[in-house]
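**Q** Need a 3D model of the following:
(one chain, ligands or ions: 1)
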Amino acid sequence: MVVKRPGGQKLAVVMVGLPARGKTFVARKLQRYLSWLGYSTLWANVGDYRRARAGAKQPAGYFAPDNAETREEREGFAMAALNDLLDWFKKDGEVGIYDATNAERPRRDIIREACSAAGVGVLFVETICDDPAIIDANVRRNKLGLPDYAGMSANDAFRDFRARIAQYERTYRPVEDGEGSYVKIVDAGRQVISNRIEGYLSSRLAFFLMQIRPTERTIWLSRHGESEFNLAGRIGGDPPITERGRKYAEALAEFVRSQPSHPVVWTSTLQRTVATAALIGRGAQSLRALDEIGAGVCDGLTYEEIKARFPDEFAARAIDKFRYRYPRGESYADVIQRLDPVIVELEGLRSPVLIVAHQAVLRALYGYLMGKPQDECPYLQVPLNTVIQLTPTEIGYDEERVTLQA
Ligand code: F6P
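**A** Residues are numbered from 1 along each chain as shown. Have a look, this model is predicted:
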């Protein structure tokens, strides 16, 4: 059964902006967020089409707007990417993210008209930044490692990329009000301007876009220390932690103290996470949205007991663990929906954050952060006694797992 979402609209998110303004960062975040929420999404990057078809190594002059030959070639790549996106919409695509500079109005008009003819709405997302320090840092951090500059010295690559930006600056025109729906993100989120946002999906995206900004802060995810129920193989409930769990709480507090800056700490409202974070000092915030998946009538049972008492339920869960909902409880799909505000809050935080929660909830959060397909979420490895450390990159997070002696 296909469940229609409110509005049921198909949407092309069309990125706009000069190079090195964080378009890909925003595009990838949007894609991860939407896929995690269950939308069928596709990210089409015109730069990848160019690299595949014309070769990665093109000098800055290749991007000159008055170079008739390369201009036509580049427009061809842009149209190829657009046509692939429109073909995908014809199947069951819901939100396509079209990642290119789209710096000139005529190109944007073509995109909007082609989408409109295909029954696909358009939301322009423009990233604007005039601060040379931020732009230079972005180039150094994200552009010098591109295949475009393989084998070139960092300084030569840096100079070439600045020259490429200058080529685009010659004809760049920001999106105008008459072009339709847009969200403009100015100076990495200092200001967000929107125009003619209509419908549920675009509004939800505009809201999300207000929160995200590039940041270097670390996110740590940890399950609670071992609980009485872990020891007994029981699920759910609100059991206390064991002696081993208390040792983990000590090790976790020590781990946090060894970090350069103190994180914001979030726990669930259940005593096993609250006790695990208690020794860290400074207040932790308890969020109900972080409580473990509701196991309903199976709460407090072992898996063997569930199999014996509710064999049909046990079998149904094995078939579709992501969508299976415990009677009077929750599914992983439900958990994702209730975690949505936590993700929005998390994206808006500038400081490091430690989230002490539970297996199913952390699988869902980790799935979002690492861009895992929904169906994989219920099987992700989130063991006890382990801190998952995630450090942001342009396209996601680098991960390290630290096992703490409990
Ligand atoms: O066993 C610990 C636990 O956190 C339970 O409370 C919860 O029901 C379970 O893990 C979630 O894991 P799974 O979805 O694999 O049953």
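
**Q** on contacts alone, who are the packing partners of the helix or strand bottoming out on mean pLDDT in the chain?
**A** When the helices and strands of the chain are compared on mean pLDDT, DSSP states H and E, helix 132-138 comes out lowest with a mean of 92. Helix 132-138 sits against no helix or strand, with contacts defined as 3 or more C-beta pairs under 8 Å, 6 or more residues apart in numbering; DSSP states H and E. Bear in mind the C-beta positions are built from the backbone N, C-alpha and C, glycine included.

**Q** Contacts for stretch 360-370 next, please.
**A** Contact partners of stretch 360-370, identified using C-beta atoms under 8 Å, 6 or more residues apart in numbering, comprise 32-33, 36, 219, 221-223, 268, 290-293, 332, 335-336, 339, 342-343, 355, 357, 372, 374, 376-380, 382, 388, 390, 396-397, 399.

**Q** Could I have the buried ones of the residues you listed as ChimeraX selection syntax?
**A** In ChimeraX, selecting the buried portion of the contacts of stretch 360-370, with burial taken from 16 or more other C-beta atoms under 10 Å, looks like this:
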select :32,33,36,219,221,222,223,268,290,291,292,293,332,335,336,339,342,343,355,357,372,374,377,378,380,382,388,390,397
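
**Q** per-domain residue ranges of this structure.
**A** Taking automatic domain parsing as the reference, the chain has its domains at 11-211, 219-403.

**Q** Could you point out which of those sits nearest the ligand?
**A** domain 219-403 (3.6 Å; C-beta to the nearest ligand atom).

**Q** is the ligand contacted by that closest one?
**A** Yes - contact check for domain 219-403 against the ligand, using C-beta under 6 Å from any ligand atom: residues in range are 235-236, 292-293, 295, 358-360, 378.

**Q** avg pLDDT for that domain?
**A** Averaging the model's pLDDT scores along domain 219-403 yields 97.

**Q** how far does it sit from the chain's center?
**A** For domain 219-403, the distance from its own C-alpha centre to the chain's C-alpha centre is 18 Å (C-alpha atoms, centre = their mean, to the nearest Å).

**Q** now the end-to-end length of that domain.
**A** The straight-line separation of the ends of domain 219-403 (C-alpha to C-alpha, to the nearest Å) is 16 Å.

**Q** Tell me where the stretch 251-400 of the chain has strands.
**A** With DSSP state E, counting those that start in this stretch, the ranges of strands along the stretch 251-400 of the chain come out as 264-267, 285-286, 353-357, 386-392, 397-403.

**Q** Next, format these as JSON lines and append distance to Phe229.
**A** Converted to JSON lines, those look like this (distance: least, C-beta to C-beta, whole Å):
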{"stretch": "strand 264-267", "distance to Phe229": "17"}
{"stretch": "strand 285-286", "distance to Phe229": "19"}
{"stretch": "strand 353-357", "distance to Phe229": "15"}
{"stretch": "strand 386-392", "distance to Phe229": "18"}
{"stretch": "strand 397-403", "distance to Phe229": "21"}
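
**Q** Just say which of those is most tucked in.
**A** Per-residue neighbour counts averaged over each of these give the maximum for strand 353-357, namely a mean of 25 (mean count of other C-beta atoms under 10 Å).

**Q** Remind me what that one packs against, helices and strands.
**A** Judged by 3+ C-beta pairs under 8 Å, 6+ apart, strand 353-357 is in contact with strand 219-223, strand 264-267, helix 271-277, helix 359-369.

**Q** can I have the second one written out in CSV, keeping just the CAs?
**A** Extracted in CSV, the C-alpha atoms of strand 264-267 (Å, rounded to 0.1, in the frame of the first residue of the first chain):
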residue,chain,number,x,y,z
VAL,A,264,25.5,19.6,26.2
VAL,A,265,24.2,16.3,27.6
TRP,A,266,20.8,14.9,26.7
THR,A,267,19.3,11.8,28.2
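
**Q** Let me know the average pLDDT across stretch 102-111.
**A** For stretch 102-111, the per-residue pLDDT values average out at 98.

**Q** Could you check how far that stretch is from the centre of its chain?
**A** Averaged C-alpha coordinates place stretch 102-111 at 27 Å from its chain's average position (C-alpha atoms, centre = their mean).

**Q** With stretch 101-111 instead?
**A** Stretch 101-111 has its average C-alpha position 26 Å from the chain's average C-alpha position, going by C-alpha atoms, centre = their mean.

**Q** CA atoms only for that stretch, dumped as CSV, please.
**A** The C-alpha trace of stretch 101-111 is given here as CSV (Å, rounded to 0.1, in the frame of the first residue of the first chain):
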residue,chain,number,x,y,z
THR,A,101,25.6,26.7,-9.2
ASN,A,102,22.5,27.6,-11.3
ALA,A,103,24.0,31.1,-11.2
GLU,A,104,22.2,32.5,-14.2
ARG,A,105,18.5,33.3,-14.4
PRO,A,106,17.9,31.7,-17.9
ARG,A,107,19.1,28.3,-16.7
ARG,A,108,16.8,28.6,-13.6
ASP,A,109,13.9,29.5,-15.9
ILE,A,110,14.4,26.4,-18.0
ILE,A,111,14.6,24.2,-14.9
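
**Q** That'll do, ta.
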